[in-house]
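Q: Test case, fold it:
(2 chains)
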Amino acid sequence: MGDLNITVTKSPNANRPEQQPPDRQARPARDDHDYATLLRAAQSGNTQAMERLLMRAQEVAYRFSQMVCGHADDADDAMQEALLKTYRYASRIREPEAFRTWLYRTVKNACLIGRRRRVGQPAHLLSLDDMMPGLEGELHRIDVVDPRRRPDEQALNAALRRRLRQAFSALPPPYRLVVFLREMEGLSTRQVAQVAGISEANVKTRLHRARLFLRQELEKS
Amino acid sequence: MKPDARSRCRGLLERLSRYVDGDLTARERRTVMAHLHRCPCCEQFAASLRRTVQACHEAGRRRLPSDVRARAQARIQALLAEKQRVEDIRLKRGTTSC
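A: Below you'll find the predicted structure:
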């Protein structure tokens, strides 16, 4: 395992091909450790740890609902489900390191149940080649706060985020799920495969295709 | 562009995500890097793919809106208060039965 302090922030030379790519395994490992530590503390009766764990579960559910399902109305239901299941099963989970994957699977299932209730929602796997624009509802804005950024940088980033959100919402759900879990939530390829119920090779293929699509959309403007 | 050069570019495209992720073997990586040095088109493509990946990473670092966070916090407090209430009742029953 590499240096756990490595971050994914972009260095000035990040686009140069001779530079060593960032260690993509560092972030999942660190986050898994955080979740496992919280879970162990909660299991031993630490109320504050339990509160933080329950908040994290709801945060995951909210982001998942907004970014993957794209329906704001489902967010509260998914958050409630994640809260109750985490609380109910926290004491029974034998492998704290596997908690994070369990949480994402639980949230995914909660969101899918909400989606199946909807009429006209595409529940089958779509190909990027077959994709038509506007398959899903619009995503809603989530607060982004980074006081270190200058106003002009913030404006630039706001425009980029808007374009990314539009491009992301045009991705078919199976691709959106993979990008969300891998790129935005920082899960490892193996964890994404476990949550999505597909092979690791399939995760890599979907991720690659989705990135090409997003790149194309972002470079248009 | 010659057909063999085009197929080399196409071959690189297939491996570009793995290259950006640092997921290639040392040999594969050297091959990709050598191609990027020779081909400005692919170099630009790789740079824009990196920017896309970076934008996705940054999109993931978000906080909950304050009203959503407040509702989430209220749910937690209600749940833990209910647990405490049930435990108090259980304890009370245990005490009276002794």
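
Q: Give me the below-cutoff pLDDT ranges for chain A.
A: With pLDDT under 70 as the threshold, chain A has low-confidence stretches at A:1-30, A:71-72, A:114-156, A:221.

Q: Domain parsing of it, as residue ranges.
A: For chain A, the structural domains run A:24-119, A:152-221, going by automatic domain parsing.

Q: closest to chain B out of the ones you listed?
A: With distances scored as C-beta to the nearest C-beta, the stretch of the domains of chain A nearest to chain B is domain A:152-221 (3.1 Å). Where C-beta positions appear, they are placed from N, C-alpha and C, glycine not excepted.

Q: pLDDT value on the residue nearest the centre of chain B, please?
A: Within chain B, the residue whose C-alpha comes closest to the C-alpha centroid is B:His57; the distance, by C-alpha atoms, centre = their mean, is 6.1 Å. B:His57 carries a pLDDT value of 89.

Q: For the residue of chain B found nearest chain A, give me the pLDDT.
A: Of all residues in chain B, B:Gly60 sits closest to chain A, with a separation of 3.1 Å (C-beta to the nearest C-beta). Model confidence at B:Gly60, expressed as pLDDT, equals 81.

Q: give the contact list for it.
A: In this structure, B:Gly60 makes contact with A:Glu183, A:Met184, A:Glu185, A:Gly186, judged by C-beta atoms under 8 Å, 6 or more residues apart in numbering or on different chains.

Q: picking that back up, helix/strand/coil for the residue nearest to the centre of chain B?
A: At B:His57, secondary structure determined by DSSP: H, G, I helix; E, B strand; the rest coil is helix.

Q: picking that back up, could you dump the domains of chain A into a markdown table and include mean neighbour count?
A: Converted to a markdown table, these look like this (neighbours: other C-beta atoms under 10 Å in any protein chain shown):
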| stretch | mean neighbour count |
| --- | --- |
| domain A:24-119 | 19 |
| domain A:152-221 | 19 |
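
Q: need those in JSON lines with distance to chain B, can you?
A: As requested, the domains of chain A are arranged in JSON lines below (distance: least, C-beta to the nearest C-beta, whole Å):
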{"stretch": "domain A:24-119", "distance to chain B": "4"}
{"stretch": "domain A:152-221", "distance to chain B": "3"}
